[in-house]
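Asks: please find the sequence and the predicted model below.
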Amino acid sequence: MTEAVGDTTATTGGRRIAVLGEMLELGDEAVEAHREVGRMAAENGVDLVVAVGGDMAKQLALAAGAAGVPDIALVGDNITATAYLDSILRPDDVVLVKASRGGQLWQIAQALTGQPVTGL
């Protein structure tokens, strides 16, 4: 995520939105790793974090809010995330979509860009 967020510095004046899913198979380090991603979003000037998933997404969202991300949304699945984003996106917004492959967040990017949504 560090490299991906850094790539959005030359935005066109829109919001910086990070759609972040759970990172799978981290074991004992999962909670802290998700919190660190939330903190990184704040450090990189993200305006809105959309956390997708369950308990680990909640940890990410809580850490992002505590670190200063002004707007946080926690959603349970890709369909809900897509519907939410469809309702709030503005033309100049920049959106980063990132998670483990198992989260299939590419489906959100596909839906938002009008592509057919694919599974595994």
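Replies: Looks like it came in fine.

Asks: need the per-residue pLDDT for L26.
Replies: On the pLDDT scale, L26 is placed at 89.

Asks: kindly report the same for E22.
Replies: Looking at E22, its pLDDT is 94.

Asks: thinking it is in contact with G54, fair?
Replies: Yes: at 7.0 Å, E22 and G54 qualify as touching, with contact defined as CB atoms under 8 Å. Using the backbone N, CA and C atoms, a C-beta is placed for each residue, glycine as well.

Asks: neighbour count: those two, which is higher?
Replies: Comparing E22 with G54 by other CB atoms under 10 Å, the one with more neighbours is E22, at 24 against 12.

Asks: for E36, list the residues it contacts.
Replies: Residues near E36 by CB atoms under 8 Å, 6 or more residues apart in numbering: A63.

Asks: give me phi/psi at it?
Replies: Main-chain dihedrals, E36, degrees, to the nearest 10: phi -60, psi -40.

Asks: then V94?
Replies: According to degrees, to the nearest 10, V94 has phi -110, psi 130.

Asks: please identify the helix or strand for the spatially most central residue of the chain.
Replies: Compute the mean C-alpha point of the chain, and by CA atoms, centre = their mean the closest residue is V19, 1.8 Å away. According to DSSP states H and E, V19 maps onto strand 16-21.

Asks: got the buried residues for that strand?
Replies: For strand 16-21, the neighbour count (16 or more other CB atoms under 10 Å) marks R16, I17, A18, V19, L20, G21 as buried.

Asks: cool, stretch 50-68 as well?
Replies: Judged by neighbour count (16+ other CB under 10 Å), stretch 50-68 contains these buried residues: 50-53, 56-57, 59-65, 67.

Asks: and for stretch 27-43?
Replies: For stretch 27-43, by 16+ other CB under 10 Å, it's A30, A33, H34, R35, E36, V37, G38, R39, M40, A41, A42.

Asks: any chance of these in CSV with secondary structure, distance to Q115 and pLDDT as columns?
Replies: Output for the buried residues of stretch 27-43, formatted as CSV (DSSP: H, G, I helix; E, B strand; the rest coil; distance: CB to CB, whole Å; pLDDT from 0 to 100):
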residue, secondary structure, distance to Q115, pLDDT
A30, helix, 31, 95
A33, helix, 30, 96
H34, helix, 28, 96
R35, helix, 32, 97
E36, helix, 31, 97
V37, helix, 26, 96
G38, helix, 28, 97
R39, helix, 32, 98
M40, helix, 28, 97
A41, helix, 25, 97
A42, helix, 30, 97
